[in-house]
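> Just the structure for this:
(4 chains)
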4 protein chains.
Amino acid sequence: MIKAGIIGGAGYTGLELIRLLLMHPEVEISVVTSRRYKGKKISDVNPHLEPFIELEYEDVDTKEIADRSDIVFLAVPHGSAMDYVPELRAREARVIDLSADYRLKKDEYERIYKRQHKDKDKEKRKSVYGLAELHPEVADANLIANPGCYPTGAILAVAPLVKGNEGGGRVKQVVFDSKSGISGAGAEPSAKSHFPNLAENIIPYEVTAHRHVAEMRMELSVKVSFTPHIIPSIRGILTTAHVFIEESGAQTQDEIEEIYKRFYEGKRFIRLRKGLPSLSAVRGTNFCDIGLKIEEESDRIVVISAIDNLVKGGSGQAIQNMNLMFGMDEREGLWFPGLVP
Amino acid sequence: MIKAGIIGGAGYTGLELIRLLLMHPEVEISVVTSRRYKGKKISDVNPHLEPFIELEYEDVDTKEIADRSDIVFLAVPHGSAMDYVPELRAREARVIDLSADYRLKKDEYERIYKRQHKDKDKEKRKSVYGLAELHPEVADANLIANPGCYPTGAILAVAPLVKGNEGGGRVKQVVFDSKSGISGAGAEPSAKSHFPNLAENIIPYEVTAHRHVAEMRMELSVKVSFTPHIIPSIRGILTTAHVFIEESGAQTQDEIEEIYKRFYEGKRFIRLRKGLPSLSAVRGTNFCDIGLKIEEESDRIVVISAIDNLVKGGSGQAIQNMNLMFGMDEREGLWFPGLVP
Amino acid sequence: MIKAGIIGGAGYTGLELIRLLLMHPEVEISVVTSRRYKGKKISDVNPHLEPFIELEYEDVDTKEIADRSDIVFLAVPHGSAMDYVPELRAREARVIDLSADYRLKKDEYERIYKRQHKDKDKEKRKSVYGLAELHPEVADANLIANPGCYPTGAILAVAPLVKGNEGGGRVKQVVFDSKSGISGAGAEPSAKSHFPNLAENIIPYEVTAHRHVAEMRMELSVKVSFTPHIIPSIRGILTTAHVFIEESGAQTQDEIEEIYKRFYEGKRFIRLRKGLPSLSAVRGTNFCDIGLKIEEESDRIVVISAIDNLVKGGSGQAIQNMNLMFGMDEREGLWFPGLVP
Amino acid sequence: MIKAGIIGGAGYTGLELIRLLLMHPEVEISVVTSRRYKGKKISDVNPHLEPFIELEYEDVDTKEIADRSDIVFLAVPHGSAMDYVPELRAREARVIDLSADYRLKKDEYERIYKRQHKDKDKEKRKSVYGLAELHPEVADANLIANPGCYPTGAILAVAPLVKGNEGGGRVKQVVFDSKSGISGAGAEPSAKSHFPNLAENIIPYEVTAHRHVAEMRMELSVKVSFTPHIIPSIRGILTTAHVFIEESGAQTQDEIEEIYKRFYEGKRFIRLRKGLPSLSAVRGTNFCDIGLKIEEESDRIVVISAIDNLVKGGSGQAIQNMNLMFGMDEREGLWFPGLVP
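Now for the predicted structure:
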């Protein structure tokens, strides 16, 4: 059994790691930390986990966690993960960081996140961007930078057009317009998550300046625009990618679909849809559902992707990466249908 | 592997059987029927099931289904199940009927459901009311009448007070006020399920005359009133049981909680809560969460139960019964935490 | 023009007073206070009010408010209103208090709200309980204690049975099971109002001990039980009253409906429904919709009432009272249909 | 008093006309038709309208309606309005058509709506596109083609950039990504409006081929792309306009805001927001709220508009047009704040 530690186990990402790892046949959760709840039984604080976990929340002791774990998941805020990584790695624990701290180049990170990167060996560590469908090298990584929730759905939506040999080189510009459930904003009540503010509403925010755009640009290397919104739903991100190509009409709907099929062949968590995807079918799962439509007499292709932001957009993807790092089938512990209806 | 057939696999109950059985390690789905969709791939009609099931929907051929299945689930409307049971049983398939057809005594059934019971051997068949927590005899049954969704949560909420030795004999009256997600009304669009009618609303219906009250009365043998409502949620039934007892103040909160604890000892799907239960913690699961509060200087105890109407209130409970019928642990295939948040 | 001041104009009750008074042809808002936002333009803090109000929030200066207003609405927390009333009354401003401070007898108030009543002339002031349908004496009052949101819907639902000559004396017991939108919990984000906690859920709370039961008992003088729940909706309270009567079957559905009709004759904000009411039809309005059903062969009558908690259950009712105090038609400024769909 | 007739008074658009006209001080509703409900009291079918309207639904008799009305609103499906217009106009009733039948040039209409235009005098009638903020000539019109719900919010969002002298000529391309409440899909239950399908979801549809794009192109004369989605809300359309301009950085945020201010000066239903608009503030109102943000170091400006699809996006705008046709202030009957929360 793989021993897995979780630093930051009281937020939604940490809780989702627990929920999913409890169903994983090859993993045993070894330690879960929470500064706020240390000493409390995890299932007392989170009644949905009763009676599945007997552990109590612990305070963070990086050394001890490294010793008790084969792999450590960092489900902490941006800027905190880099405090733990050096020591965890020094003790040879493998690490999957769900924060942004190891996703971008140092300069880019410091510019975008407006803070200094405190890990002086940041670049040496060779963290791998954990989008397994595009980065098979996760299998050999010791430190994985798990992608942001928005970039996961956005990048997967257009990668075959931008990066594939067949689609490649012809994309001029992509506008990502994303719609996320509120759980992406975390477990703490806020004005945005206040029910009367969100119900019967949709909230655009950081419409030109969301930090996740940096990941999209890093991975896609084309002109990318990104605007996120929060919809009155708990889970899920639906991304509408408006893709503009050089030569309109050069390829048919069928041809484009074929490009996607080949690009994602063997990628078990990508489901290409005949129609358009929606959030229901991915609820609670690690799937990324993709559908597309070319606009007639136009240079636009609309690609829609749907993920569960807490699973494929976070904790599920982290476990998929863990599976690959430990030589298992990527589906282990993650292979079940969505909660429909 | 147990071979399981499902008659009526396109409604919510049938789909939930498929979703859950796909995760069951000892079961293989042998056949799924749907008159409307016969010949279509199940996962084409229900994209959330892709790529978990390769079967197509078939037309109903009772004999063949019996031959291909060790157990058959009937997820059909009231009044239809009795068309299938005689032949299924004649060919020795075990049957779990999720409709109302075998829950009540013949007379009672005919009075309440306003139709004749067509199975002339109805009483001989000795169907067992499949509320396993109260009816351990499900383990020996060949025909199980799976309880209604409302009765499941209602009966479990008050059984320890009504039926337990310690609580028994002192309950004068129970008022069940239930709040259900709309999925209980089925997969067909209707005025009730029309989003603008249900969102920002709550719909009381059949406030004095819902048929499920007959099951509650059969099981509880005290004065029972029942009023259901539909809330703007997909899944879940929260039942508020207002229990009136003979002698107010005779027992403390702790004593009452102790009665529940003893009554449900070893019942793995009952979770007694320190606080009050809510629907989130049971979402997608087979749990029935129960919490209660005695009213000071009063003869009232308020007991709240929460279930997922499609799981413990339907398909999950059916599988729990199947597990017991086949000598397995009742938790097999059903032992995972709820989808929170 | 009547000059109306509002103390506490940044919460939902205060904002709803502003929204409604802006549509009132005979009223001019003279002053609105908010400690948190003093000095800020009201419509900057609340963009839905632009360009309808030019005022800024002011700090509370009771004397000045009294001088600038013919009537002052107190939309402040319980325990604060009594700080303002003595001075406001000393300067002869009429007062409508939307808090609980003047609703109950002093002893009862202190017992239930667990604080001392600081207004030494509390009893002398002869505050009138502002449920105009039952208390025509609001027309002559100088100080009105506006009813709580739950009591408004609950009391109106059963008053004809409990207080009418024809229904009177025969009600044994009433169980009120209420379902409220979250706006009743106020404008401040909290765990209860956190979208992922409330969506797809229903939250029972204070199931045996909600303070509003005291008002119901005061007005109804029968055995009353009360349990509130929060539903995933912004506005509205639906109350299900389970009424138990002495002699079952003594009166028919038609006879009971007739009792209601006579009792509420001329009460313009009561709409008796042929079917069951729902929240949509009262959204944004001052109506209380009522429907009922007698249970056959039983001693139970189920009465359902629906109100908008912020209008008839709060600010609208306050304005209805103001209308009567100033000799106007009670409908002035409140006579419009609900926002459907 | 202006006598207003409504053909098609049982759908959401017709009902919203009734709701709003009932609050209009200068209008009397003279006749309302519904084939399905003819002979039934309008307020029996729609309990929220009790006791505001005494009329019954009538069958359609164009001549009689023309005789009894100064103005007739057509709230009927596309393709039906052109059946009524010739006779209504022959009898000199002014007409506001809320369908698409008179919005586009004949050829364009026939191409997009895939049907022949049956009114042989279509072009002669000089229908005016009823977006009053851009078409002051509505004041002199006898036949108004009320804009579609999506085009209303989309066109208003970018008109100052595209059509204004100062912004003009520099917009290269606009991508409209719209999110609508489900009421736009009408009062009939459907798979899309089925609560379990829409709740916790967002539904993209006609992502490259929605017919409303034709109106946007007609009014804006720049390269326009349009993709609509349905969000789990009853009312409202939020449109995110991704506007790409020729010279990036040519104008500052303040300068662009100034362009909007000047362009919409005196337009009372346009509210320019300092921040980003949301659906709550326009709920139930005729406002179009607009906010924008220029993207730094980019050629993109994101403009967000929010409307209530049934009011400014339909019936309210129709009444605004009526006001102008009859020489009244455009705000008459429409001047009230939104239902917040």
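
> residues from chain A in reach of chain B?
A:12, A:15, A:19, A:22-23, A:46-52, A:183, A:187, A:199-200, A:234-235, A:271, A:273, A:277, A:280-284, A:289, A:310, A:336-341 (C-beta under 8 Å from any C-beta of the partner chain). Every C-beta, even on glycine, is put in place using the N, C-alpha and C of the backbone.

> Repeat the analysis, applying 7 Å as the threshold.
If contacts are counted using C-beta under 7 Å from any C-beta of the partner chain, the residues of chain A sitting beside chain B are A:12, A:15, A:19, A:22-23, A:47-50, A:52, A:183, A:200, A:234, A:271, A:273, A:280-281, A:284, A:336-341.

> domain ranges for chain A?
A:2-125, A:150-309 (automatic domain parsing).

> got JSON lines for those, with mean neighbour count, mean pLDDT and distance to chain C too?
Below are the domains of chain A laid out as JSON lines (neighbours: other C-beta atoms under 10 Å in any protein chain shown; pLDDT from 0 to 100; distance: least, C-beta to the nearest C-beta, whole Å):
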{"stretch": "domain A:2-125", "mean neighbour count": "19", "mean pLDDT": "97", "distance to chain C": "8"}
{"stretch": "domain A:150-309", "mean neighbour count": "22", "mean pLDDT": "95", "distance to chain C": "4"}
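
> Throw those into a markdown table and include distance to residue B:208, thanks.
What follows is those, written out as a markdown table (distance: least, C-beta to C-beta, whole Å):
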| stretch | distance to residue B:208 |
| --- | --- |
| domain A:2-125 | 34 |
| domain A:150-309 | 31 |
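
> contacting residues for residue A:95?
Counting by C-beta atoms under 7 Å, 6 or more residues apart in numbering or on different chains, residue A:95 touches A:72, A:74, A:85, A:88-89, A:143.

> So which of the residues you listed sit within strands?
Among the contacts of residue A:95, the members found in strands (DSSP state E) are A:72, A:74, A:143.

> For residue C:40, state which of these is nearest.
residue A:74 (41.0 Å; C-beta to C-beta).

> got a list of what that closest one touches?
By C-beta under 7 Å, 6+ apart, the contact set of residue A:74 is A:7-8, A:81, A:84, A:95, A:97-99.

> Return the subset of the residues you listed lying in strands.
Using DSSP E, the members of those that fall in strands are A:7, A:95, A:97.

> would you list every one of the strands in the stretch 101-250 of chain A?
Assigned strands in the stretch 101-250 of chain A, in chain order: A:128-129, A:143-145, A:171-180, A:203-204, A:223-230, A:237-245 (criterion: DSSP state E, counting those that start in this stretch).

> which residues does the residue nearest to residue A:278 when sequence neighbours are not counted contact?
Ranked by C-beta to C-beta, 6 or more residues apart in numbering or on different chains and with sequence neighbours excluded, the top spatial neighbour of residue A:278 is residue D:201, at 5.4 Å. Contacts of residue D:201 were listed using C-beta under 7 Å, 6+ apart, and they are A:233, A:278-280, D:232.

> on that earlier part again, now the contacts of residue A:95 as a markdown table including distance to residue B:154?
A markdown table is the format used below for those (distance: C-beta to C-beta, whole Å):
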| residue | distance to residue B:154 |
| --- | --- |
| A:72 | 46 |
| A:74 | 45 |
| A:85 | 52 |
| A:88 | 51 |
| A:89 | 55 |
| A:143 | 53 |
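
> wait, residue A:32 sits on residue A:4?
No: counting by C-beta atoms under 7 Å, residue A:32 stays clear of residue A:4, with 9.4 Å between them.

> Which of the strands of the stretch 101-250 of chain A sits closest to residue A:135?
Nearest of the strands of the stretch 101-250 of chain A to residue A:135, taken as C-beta to C-beta: strand A:128-129 at 5.7 Å.

> Return the list of strands paired to that closest one, each annotated with direction.
Using DSSP bridges, the neighbouring strands of strand A:128-129 in the sheet come out as strand A:143-145 (parallel).

> hang on, the earlier thing: and the strands of the stretch 101-250 of chain A as CSV, adding distance to residue D:160?
Formatted as CSV, the entries for the strands of the stretch 101-250 of chain A read as follows, by distance: least, C-beta to C-beta, whole Å:
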stretch, distance to residue D:160
strand A:128-129, 41
strand A:143-145, 42
strand A:171-180, 21
strand A:203-204, 19
strand A:223-230, 20
strand A:237-245, 22
